[in-house]
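Colleague: Structure for the following, please:
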Amino acid sequence: MSEYITFVEVADTGKTKIFEVRSTSSGASLGMVKWYGPWRQYIFCPAVTTVWNIDCLQAVTEFIKRLMAERVRKTCAAVHIYTTKEDTALMKCERCEKPYQEMDAGPPVDPALRSVERRIG
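Modeller: As a prediction, the model looks like this:
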């Protein structure tokens, strides 16, 4: 993934995983990537005394993006959420971006109704 850092899985909670970010050259711990429930996403917690350049931060960002995409694919395996568009060819699942297909579960949801549903739920 990166010339300077590696990601090592150190725990699996059953729902999410925890990764240690390590220096490729020394093996020193540089931080952790873990799930943060209040934000419903993976986050990076750098070690206190570390200094980061843009390339290493980009590597961490790409790693987290892949973790989130993997999570979305797992949660979207059975139910996709679509917003209504006049041209169904332009419709994609809000979570996994799968193109709309007639056989997918349920009809498309009107965007106005989705916002009400989110406020209530």
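Colleague: Return the set of buried residues in the lengthiest helix in the chain.
Modeller: The longest helix of the chain (DSSP state H) is helix 54-75. Neighbour counts over helix 54-75 (16 or more other CB atoms under 10 Å) mark 56, 59, 60, 63, 64, 67, 71, 72 as buried. Using the backbone N, CA and C atoms, a C-beta is placed for each residue, glycine as well.
Colleague: which helices and strands does it pack with?
Modeller: strand 5-12, strand 17-23, strand 29-36, strand 41-46 (3 or more CB pairs under 8 Å, 6 or more residues apart in numbering; DSSP states H and E).
Colleague: Format those strands as CSV; extra columns: mean pLDDT, mean neighbour count and distance to residue 86.
Modeller: Shown next, in CSV, are those (pLDDT from 0 to 100; neighbours: other CB atoms under 10 Å; distance: least, CB to CB, whole Å):
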stretch, mean pLDDT, mean neighbour count, distance to residue 86
strand 5-12, 96, 14, 43
strand 17-23, 97, 18, 41
strand 29-36, 97, 17, 38
strand 41-46, 97, 15, 32
